[in-house]
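Visitor: coords please:
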Amino acid sequence: MSVFTHVTVGTNDLQKARNFYDSVLGALGHKRIADLGDNGSIWGENAPSFFVLKPANGEPASVGNGVTVSFEAPDRAAIDAFHAAALTAGGICAGAPGTRDWAPNAYAAYARDLDGNKLAAYCFKPA
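Guide: Residues are numbered from 1 along each chain as shown. As a prediction, this is how the structure comes out:
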């Protein structure tokens, strides 16, 4: 059973965010499954799971300090592709692809999107 139905991050430039996430989440096998007009878009594998929205209160989107959205990757190559896609699309490296010693076989990469939201991709399969 899933722990959550979806995760949402805010954006201040929806079209740039759409281009960024089409590329970055595409590297993990996700696709944009719905656009919500000028308010946002939704990505997922088979169901809606990740939303990028303009804040409903009309205020600028801001980054949550200490917040990271982490995606499961099918393998280590997908993590490398996720990280490369993020940087190519204008994101910032927040942790290069590599092993993480807090769990067996943990391999991950971190990046910040165009609005500063911290993203990660993880795989726990052996190399």
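
Visitor: which sections of the protein are below the confidence cut-off?
Guide: 1-2 (pLDDT under 70).

Visitor: Could you rerun that using 80?
Guide: 1-3 (pLDDT under 80).

Visitor: residue boundaries of the strands in it?
Guide: 7-10, 31-35, 40-44, 48-53, 68-72, 92-99, 107-112, 118-123 (DSSP state E).

Visitor: what about those strands, which gets the closest to residue 18?
Guide: Closest to residue 18 of those is strand 40-44 (Cβ to Cβ; 5.4 Å). The way it works is simple: take the backbone N, C-alpha and C, and place the C-beta from them, glycine included.

Visitor: if we can go back for a sec, rebuild the strands of the chain as a markdown table, extending it with distance to residue 61.
Guide: As requested, the strands of the chain are exported to a markdown table (distance: least, Cβ to Cβ, whole Å):
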| stretch | distance to residue 61 |
| --- | --- |
| strand 7-10 | 3 |
| strand 31-35 | 17 |
| strand 40-44 | 10 |
| strand 48-53 | 8 |
| strand 68-72 | 14 |
| strand 92-99 | 16 |
| strand 107-112 | 13 |
| strand 118-123 | 14 |
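
Visitor: Any chance of a markdown table for these, columns distance to residue 17 and mean neighbour count?
Guide: Compiled in a markdown table, those are given as follows (distance: least, Cβ to Cβ, whole Å; neighbours: other Cβ atoms under 10 Å):
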| stretch | distance to residue 17 | mean neighbour count |
| --- | --- | --- |
| strand 7-10 | 8 | 17 |
| strand 31-35 | 11 | 13 |
| strand 40-44 | 7 | 20 |
| strand 48-53 | 5 | 19 |
| strand 68-72 | 13 | 15 |
| strand 92-99 | 15 | 14 |
| strand 107-112 | 13 | 22 |
| strand 118-123 | 12 | 21 |
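
Visitor: The ones you listed: which one's closest to residue 22?
Guide: Using Cβ to Cβ and comparing the strands of the chain, the one that lies nearest residue 22 is strand 31-35, at 5.8 Å.

Visitor: Need phi/psi at residue 66.
Guide: Backbone dihedrals for residue 66, given as degrees, to the nearest 10, come out at phi 90, psi 0.

Visitor: And for it, the neighbour number?
Guide: 6 (other Cβ atoms under 10 Å).
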